[in-house]
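Asks: Give me the fold of what follows.
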Amino acid sequence: MSSPAASTAAARRIFRRFRRNRRGSAAVEFALVAPVFFALLFAIIETGIMFFANQVLESITQNAARQVLTGQAQVNNYPDGPTFTSNVVCPPPPAPPLVLFNCSNLFVDVKSYSSFSSVVINSQIVNGSFDPSTLTYSPGGPGDIVVVRFFYKWPLFVTGLGYNIANLSSGNQRLLVATAAFQNEPY
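Replies: Next comes the predicted model:
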């Protein structure tokens, strides 16, 4: 029969051997760090894609504003914003489609003013929700000051990981806004 001192010494040897063995430590450390790493990685990717989409929306706005600026939109006599959007921004095939945006969720606001000092730009976010009820389509005439704004509710996916850049109360959408202000040419 072994003495209690011998079994204590054997336990110490086993503990020392276990403490020196580092074969599984990388897996344990990775398991601790991986969730934070992937959450940060996905948040960076989502933010980058959202900024890219906002730049694409800015380009769309500039191209559509050029139609108003040169009088082409007025000559074509578009009756409202959705018609303007479907003909200028999202024309039917064979024109290339918008890849990042669903054209049915793209909202336009075109307002004309008599002077730059009379321009008023209000937020379209009311009580945490997008309010399209005040959007109008008034491209004005030659020499008028015009403000063209496009809105798009961009879906967010990484909001559940503690990173939330949503500005709508739904919690998983961000309203992207692009604006162009100019004076119409004498067409």
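Asks: mind checking the longest helix of this protein?
Replies: For the chain, the helix with the greatest residue count under DSSP state H is helix 25-69.
Asks: name the helices or strands packed onto that one?
Replies: With contacts defined as 3 or more CB pairs under 8 Å, 6 or more residues apart in numbering; DSSP states H and E, helix 25-69 has these neighbours: strand 106-113, strand 145-155, strand 173-183. All C-beta spots, glycine's among them, are computed from the backbone N, C-alpha and C.
Asks: Out of those strands, which is closest to Arg23?
Replies: Among the helices and strands packed on helix 25-69, the nearest to Arg23 by CB to CB is strand 145-155 (43.5 Å).
Asks: Not including adjacent chain positions, what is the nearest residue to the most centrally placed residue in the chain?
Replies: For the chain, Met50 is the residue whose C-alpha lies nearest the centre (CA atoms, centre = their mean; 3.6 Å). Spatial nearest neighbour of Met50, excluding adjacent residues (CB to CB, 6 or more residues apart in numbering): Trp154 at 5.9 Å.
Asks: Average pLDDT for the longest helix of the chain, rounded please.
Replies: Helix 25-69 carries an average pLDDT of 91.
Asks: could you check the angle strand 106-113 makes with it?
Replies: 40 degrees (axes from the mean of the first three to the mean of the last three CA atoms, to 10 degrees).
Asks: Skip ahead from helix 25-69 and say which helix or strand is next.
Replies: Next helix or strand after helix 25-69 toward the C-terminus (DSSP states H and E): helix 72-76.
Asks: May I see the buried residues of that next one?
Replies: For helix 72-76, burial by neighbour count (16 or more other CB atoms under 10 Å) applies to 73-74.
Asks: send the alpha carbons of that helix over as CSV?
Replies: What follows is helix 72-76 as a C-alpha-only set of coordinates in CSV (Å, rounded to 0.1, in the frame of the first residue of the first chain):
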residue,chain,number,x,y,z
GLN,A,72,-34.0,67.5,-69.6
ALA,A,73,-36.3,66.4,-66.8
GLN,A,74,-38.5,69.4,-67.3
VAL,A,75,-38.7,68.9,-71.1
ASN,A,76,-39.7,65.2,-70.6
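Asks: quick one: contacts of the next helix or strand after that helix?
Replies: Reading on from helix 72-76 to the C-terminus, the next helix or strand found by DSSP H and E is helix 81-84. Residues outside helix 81-84 that contact it (CB atoms under 8 Å, 6 or more residues apart in numbering) are 64, 73, 78, 107-110, 135-137.
Asks: Check those residues against Asn167 and report the nearest one.
Replies: Checking the contacts of helix 81-84 against Asn167 by CB to CB gives Phe107 as the nearest, at 15.2 Å.
Asks: what are the bridge partners for the closest one, then?
Replies: Using DSSP bridges, the bridge partners assigned to Phe107 are Phe151.
Asks: Just the pLDDT at it, thanks.
Replies: Reported pLDDT for Phe107: 96.
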